[in-house]
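J.: model this:
(one chain, ligands or ions: 1)
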Amino acid sequence: MSQYLIEGGQKLRGEVTLQGAKNSVLPILAATLLNKGDTLLRRCPRLRDVDASMRILRHLGCTAEWKGEELEIRTGEISRAEITDELMREMRSSAIFLGAMLARCGEAKISYPGGCELGPRPIDLHLAGLRAMGAEIREEGGTLYCRAPRLRGADIVLALPSVGATENLMLAACGAEGVTKISNAAREPEIRDLQEFLVACGARVRGAGTSTVIVEGGEPLHGCTYTVMPDRIVAATYLSAVATAGGEAFLSGAREEHLLAVTAALRAAGCHIRGDERGISIRAEEPLRAVNMIRTAPYPGFPTDAQALVMAVLLRAEGVTVFEENIFENRYRHANEMMRMGAEIRIFGRVAVVTGVSALHGAAVQATDLRGGAALCVAGLAAEGQTQVTDSHHIDRGYEDLTRDLRALGAQIRYCPAD
Ligand code: UD1
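T.: You can find the predicted model right below:
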């Protein structure tokens, strides 16, 4: 079983350049299906989910290959409009291919994505939106059969601002006749990145980053060269690492405007943070203090993906911090593991109450999901002795090379592959 071994107690110092955003590149890879040309992606992170998307694209008849640091995708020909169950299982966000496949091929067959370690992952809003655009969708034995020889623009009001549904509908709308208006759209920066990619391909999309996204469909799209935005959750991880361990670092490429809820919490805990057009610098020297309630919410609220990371920081802060998780049902699984390291956490449904302790100690802990696992590594940086984080494959889903980046900051972390 692969694991990370961390020797805690080392202050961090140095500079890291941020990888491209996982949550941005996955919808962009699906969006390449909308054009019949060649797409060159820069700052594309080398992640398992990217490999899985490349396998899906190849299965559909496209080519997807690394050319040095860049990823080249050729979508001139598509030979099938179906994603096998095996490929669907490799990547939970594969539902994002649905809108693009419908727009390009007029049909799609995929297996139902199912749940994940964060709880159920429904796609009812995606399907309702696609139906409003004229798609016929039927579910049979866990498989979704979708047909839409002609998609048409529609006025869609999302019941909640789902990131995936907003993206899926934006992609379908590019291939629909007429105008699609998505109201109560998610406002995450990754949606803005998707819009910028689509516009670079010749699409008419506007409003991403606000609650209303408008797509004028039917434009023939062409390939482009595009640079993926830097990963704000990876930035939140390294900010949390420095905040926890103490020290000083510069995150090159990080954009504070994408992270205001996180930097506000870390400042309130006592860190000094400065963002400019080159990146974000952080200095953490004082003892940490508890912060006012942290409530996860859709962007620009506090990101659910940073909840575990900032919890790791506050385990040793003086006072009590209350967390409220409002996006996913099952997102405190890291808390039990943190308690093995000496943390004091009580969970009441959606609420977690963290009482700061003076010290954490290293322990053998298990990564149960991507960000929760990364948060255990962050906590380990400040713990006395060695922390062993097992099941590290969860973490590797979102970080190109966690040891490379944390070592660049002087952390003592080692990756031990499975025997
Ligand atoms: C995306 C991110 C994920 C992040 C999440 C919330 C990607 C690849 N993943 O996931 O890292 O944690 O946003 O910021 O970008 N929901 C429904 N019906 C739907 C769709 C969603 O009820 O049809 C619910 C979900 O169960 C969840 C909430 O809406 O409770 C938010 O989900 P959503 O914004 O869709 O998250 P994802 O796009 O899956």
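
J.: Contacts only, for the nearest residue to Glu337 once chain neighbours are set aside.
T.: Distance criterion Cβ to Cβ, 6 or more residues apart in numbering; nearest residue to Glu337, sequence neighbours excluded, is Val365 at 3.9 Å. The C-beta positions use only the backbone N, C-alpha and C, and glycine is treated the same way. Taking Cβ atoms under 8 Å, 6 or more residues apart in numbering, we find Val365 in contact with Glu337, Met338, Arg340, Met341, Leu376, Gly380, Thr387, Gln388, Val389, Thr390.

J.: Kindly report the same for Pro287.
T.: When the contact criterion is Cβ under 8 Å, 6+ apart, the partners of Pro287 are Gly270, Ala317, Glu318.

J.: mind redoing it with 10 Å?
T.: By Cβ atoms under 10 Å, 6 or more residues apart in numbering, Pro287 lies in contact with Gly246, Ala269, Gly270, Arg316, Ala317, Glu318, Gly356, Ser358.

J.: Can you pull the residues of the stretch 151-300 of the chain lying near the ligand?
T.: Within the stretch 151-300 of the chain, the residues that sit near the ligand (Cβ under 6 Å from any ligand atom) are Leu160, Ser162, Val163, Gly164, Ala165, Ala186.

J.: if we take these, which one ends up nearest to Val234?
T.: Val163 (16.9 Å; Cβ to Cβ).

J.: What's the biggest helix in the chain, counting residues?
T.: In the chain, assigned by DSSP state H, the helix with the most residues is helix 232-245.

J.: returning to what we had before: distance check, the residue nearest to Glu337 against Leu12.
T.: In this view, Val365 and Leu12 are 20 Å apart by Cβ to Cβ, to the nearest Å.

J.: swap in Ala31?
T.: 37 Å.

J.: Please identify which of the two sits among more neighbours.
T.: More neighbours surround Ala31 than the other of Ala31 and Leu12, with 27 against 23 (other Cβ atoms under 10 Å).

J.: Ramachandran angles for that one?
T.: Per-residue torsions, Ala31: phi -70, psi -20 (degrees, to the nearest 10).

J.: ranges for the strands of the stretch 251-400 of the chain?
T.: Secondary structure of the stretch 251-400 of the chain (DSSP state E, counting those that start in this stretch): strands located at 272-275, 279-284, 294-295, 320-324, 344-348, 351-355, 364-366, 386-390.

J.: now the longest helix of the chain, how far from the chain's geometric center?
T.: Relative to the chain's own centre, helix 232-245 is displaced by 15 Å; criterion: Cα atoms, centre = their mean, to the nearest Å.

J.: Restrict that helix to CA atoms and write it as CSV.
T.: Output of helix 232-245 as CSV, limited to C-alpha atoms (Å, rounded to 0.1, in the frame of the first residue of the first chain):
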residue,chain,number,x,y,z
ARG,A,232,-6.5,27.2,-6.2
ILE,A,233,-7.0,24.1,-3.9
VAL,A,234,-3.4,23.1,-4.3
ALA,A,235,-2.6,26.7,-3.4
ALA,A,236,-4.8,26.3,-0.3
THR,A,237,-2.9,23.1,0.5
TYR,A,238,0.5,24.8,0.5
LEU,A,239,-0.7,27.9,2.3
SER,A,240,-2.1,25.5,5.0
ALA,A,241,1.2,23.6,5.1
VAL,A,242,3.1,26.8,5.9
ALA,A,243,0.5,28.1,8.3
THR,A,244,0.7,24.8,10.2
ALA,A,245,4.4,24.3,10.2
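
J.: Check which residues of it are buried.
T.: For helix 232-245, burial by neighbour count (16 or more other Cβ atoms under 10 Å) applies to 232-245.

J.: go on, stretch 151-160?
T.: Neighbour-count burial for stretch 151-160 flags Leu151, Arg152, Gly153, Ala154, Ile156, Leu158 (criterion: 16+ other Cβ under 10 Å).

J.: what mean pLDDT does stretch 108-120 have?
T.: Stretch 108-120 shows a mean pLDDT of 75.

J.: typo on my end, stretch 412-419
T.: For stretch 412-419, the per-residue pLDDT averages 90.

J.: list the buried ones in that stretch?
T.: Buried residues in stretch 412-419, counted by 16+ other Cβ under 10 Å: Gln412, Ile413, Tyr415.

J.: Report whether the worst-scoring helix or strand of the chain on mean pLDDT contacts the ligand.
T.: The weakest-scoring helix or strand in the chain, judged by mean pLDDT, DSSP states H and E, is helix 85-90 (a mean of 84). No. Judged by Cβ under 6 Å from any ligand atom, helix 85-90 stays clear of the ligand, getting no closer than 13.6 Å.

J.: Could you identify the helix or strand that succeeds that helix?
T.: Of the helices and strands lying after helix 85-90 in sequence (DSSP states H and E), the nearest is helix 97-105.

J.: Mind listing the strands the helix or strand following that next one pairs with, and their directions?
T.: The element immediately downstream of helix 97-105 (helix or strand, assigned by DSSP H and E) is strand 107-111. Strand 107-111 has its sheet partners listed here by DSSP bridges as strand 82-83 (parallel), strand 143-147 (antiparallel).
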